[in-house]
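Student: give me the fold of what follows.
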Amino acid sequence: GRSKPRRVGRPLMERRKSRLTPLFFLLIALFLAIAQGAKAQPSTEEVLSAVVRVDAEVPANARTAGFLGQQRSGSGVVIDKRGHILTIGYLVMEAHTVIVSTASGKQLTATVIASDSRSGVALLRLKEPLNVTPIRFGESAGLKERTEAIIASGSTMAPLQPTLVTSRRTFAGYWEYLLEDAIFTAPPHPQYAGAALIGKDGKLLGIGSLLVNDALPGRKALAGNMFVPINELKPILADLLQYQSLIHI
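Tutor: Model prediction:
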C-alpha cells in the first residue's frame with residue numbers, strides 16, 4: 001500500500017527519563033560485538049553519540065506547514081568530522097531554524113545544505129563540528145529479510161530498540177517518491193523520523209522515514225517502519241557535499 005509521512009507537527013516531548021535498564025544496554029553492546037573482529041567495531045557509546053536529535057521550526061506560511069506542522073522533531077546521524085548530519089528530508093523541509101541536540105545536552109544551530117527528493121534524505125551542516133565519532137556507512141544492498149538490527153534515535157526516551165528486517169521491496173509514495181529497495185522493519189520505533197538503522201557491525205544501513213502498517217506483505221495491519229537504504233545516498237553524497245545547496249533530482 002501507499003503511505004505518507006506521519007504527521008510530525010508536535011515536538012516529540014521528552015517528559016520522563018528513559019526506563020531502559022543496564023541489562024538492556026548490555027544486550028545492545030553484545031549485539032554490536034557479534035560480528036567477527038569485534039575489537040575493531042564501534043562501542044555502544046560511539047554509536048549513540050553519532051545519533052542526535054533534530055528540531056526544526058517552519059514558518060506558518062510554508063507550503064508544508066499545513067500537513068507536516070511548524071514544529072518538527074526527529075533524529076539525524078553524524079557522518080563526518082566536518083559537521084555534516086544526515087536526516088530525513090521532510091523533517092527539515094522549508095525550515096528556517098534547525099537545532100541539533102546531543103545526548104549530553106549540547107545544542108547547536110544547523111543549516112540545511114542539501115536535499116534529494118528521489119531518496120528523501122537531507123544533509124545538515126553545523127556551525128562547529130561535534131566531538132563525536134562519525135558513523136560509518138554499511139552495505140544495505142545485501143541486507144536480507146529476518147536480519148536483526150538496531151534502531152537508534154536522538155530521543156532520550158527511546159535511544160535504542162532491537163528490530164527485525166521484515167521485507168525489502170519497492171516503495172512508491174503518492175508525492176512522487178520512489179525507492180526501488182526500501183527497508184521495512186518491525187516492531188515499529190515511535191521516534192522513527194531520521195533515526196538510524198544500525199547493523200551488527202555498528203554501521204549505518206538506513207535512515208528512518210515512515211511509520212507503516214504493511215511492514216510484511218500479506219499481513220494486515222503489521223505495524224513497522226520504512227527506512228531509506230544507505231546505498232541510495234552513496235552515489236550522490238559527493239555532489240551533495242560539493243554544491244552545499246539545495247539539490248532536487
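
Student: what about the strands in the protein?
Tutor: 51-57, 71-78, 84-88, 97-101, 107-116, 121-126, 148-152, 160-173, 177-186, 196-198, 204-212, 224-229 (DSSP state E).

Student: can you tell me which of those strands is packed in deepest?
Tutor: Across those, averaging neighbours per residue (mean count of other C-beta atoms under 10 Å) puts strand 196-198 on top, at a mean of 29. All C-beta atoms are positioned from the backbone trio N, CA, C, and that covers glycine.

Student: pLDDT on that strand, on average?
Tutor: Strand 196-198 shows an average pLDDT of 97 in the prediction.

Student: repeat that for stretch 53-70.
Tutor: In this model, stretch 53-70 has a mean pLDDT of 96.

Student: just the C-alphas of it, formatted as PDB.
Tutor: Presented in PDB, the C-alpha positions along stretch 53-70 are these (Å, rounded to 0.1, in the frame of the first residue of the first chain):
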ATOM      1  CA  ARG A  53      18.100  15.000  18.000                       C
ATOM      2  CA  VAL A  54      16.900  17.400  15.300                       C
ATOM      3  CA  ASP A  55      14.300  20.100  16.000                       C
ATOM      4  CA  ALA A  56      13.100  22.200  13.100                       C
ATOM      5  CA  GLU A  57      10.800  25.300  13.000                       C
ATOM      6  CA  VAL A  58       8.900  26.100   9.900                       C
ATOM      7  CA  PRO A  59       7.100  29.400   9.000                       C
ATOM      8  CA  ALA A  60       3.300  29.400   9.200                       C
ATOM      9  CA  ASN A  61       3.000  30.300   5.500                       C
ATOM     10  CA  ALA A  62       5.300  27.500   4.300                       C
ATOM     11  CA  ARG A  63       3.800  25.100   1.800                       C
ATOM     12  CA  THR A  64       4.400  22.000   4.100                       C
ATOM     13  CA  ALA A  65       3.300  23.700   7.300                       C
ATOM     14  CA  GLY A  66      -0.300  22.500   7.000                       C
ATOM     15  CA  PHE A  67       0.400  18.800   6.800                       C
ATOM     16  CA  LEU A  68       3.800  18.400   8.300                       C
ATOM     17  CA  GLY A  69       3.400  21.000  11.000                       C
ATOM     18  CA  GLN A  70       5.500  24.000  12.000                       C
END
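
Student: in that stretch, what's buried?
Tutor: 53-56, 58, 65, 68-70 (16 or more other C-beta atoms under 10 Å).

Student: please name the residues that touch the nearest residue to Leu130 once chain neighbours are set aside.
Tutor: By the measure of C-beta to C-beta, 6 or more residues apart in numbering, the closest residue to Leu130 outside its immediate chain neighbours is Val78, 5.9 Å from it. By C-beta atoms under 8 Å, 6 or more residues apart in numbering, the contact set of Val78 is 49-52, 84-85, 130, 132, 134-135.
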